[in-house]
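Participant: have a look at this prediction, sequence included:
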Amino acid sequence: MATVWIPPLMRSLTDGQQIVEAEGESVRELVAALEKRFPGVADRIIDEGRIRPGWTVAVDGAVQNRGLRAAVGPDSEVHFVPAMTGGNSVQV
């Protein structure tokens, strides 16, 4: 299962958990699995079938431009990160 780091803005949905595990071969499948366990997560991450503006997703340390289609492996580490302004890159 992939390890998912939950940002502080969403921890109220995961009972305060910072790190959870979920299954999925893509970010979309991972979000669906998270939604089953933690209702409301998908609404925070997805808008009109895409990563919500203001958020970015990183898989195994690389910011993904494929959004919900980005591949996730069974040992992947996934971070949902509020987008930062004023810089050229996001580090996780």
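Facilitator: Right, received. Where do you want to start? Because the structure is predicted, anything quoted here is derived from the model rather than measured.
Participant: now the residue nearest the centre of the chain: which helix or strand?
Facilitator: For the chain, residue 80 is the residue whose C-alpha lies nearest the centre (C-alpha atoms, centre = their mean; 3.6 Å). According to DSSP states H and E, residue 80 maps onto strand 77-82.
Participant: mind giving me the packing neighbours of that strand?
Facilitator: In this structure, strand 77-82 packs against strand 2-5, strand 55-59, with contacts taken as 3 or more C-beta pairs under 8 Å, 6 or more residues apart in numbering; DSSP states H and E. Yep, even glycine has a C-beta here, placed from its N, CA and C like the rest.
Participant: longest helix anywhere in the chain?
Facilitator: The single longest helix within the chain, with elements called by DSSP state H, is helix 27-37.
Participant: following that one, which helix or strand shows up next?
Facilitator: Scanning forward in sequence from helix 27-37, with DSSP H and E defining helices and strands, the next element found is helix 41-45.
Participant: which strands and helices sit next to that next one?
Facilitator: The contact analysis (3+ C-beta pairs under 8 Å, 6+ apart) places helix 41-45 against helix 27-37.
Participant: which secondary structure elements does the helix it packs on contact?
Facilitator: Counting contacts by 3+ C-beta pairs under 8 Å, 6+ apart, helix 27-37 is packed against strand 2-5, strand 19-22, helix 41-45.
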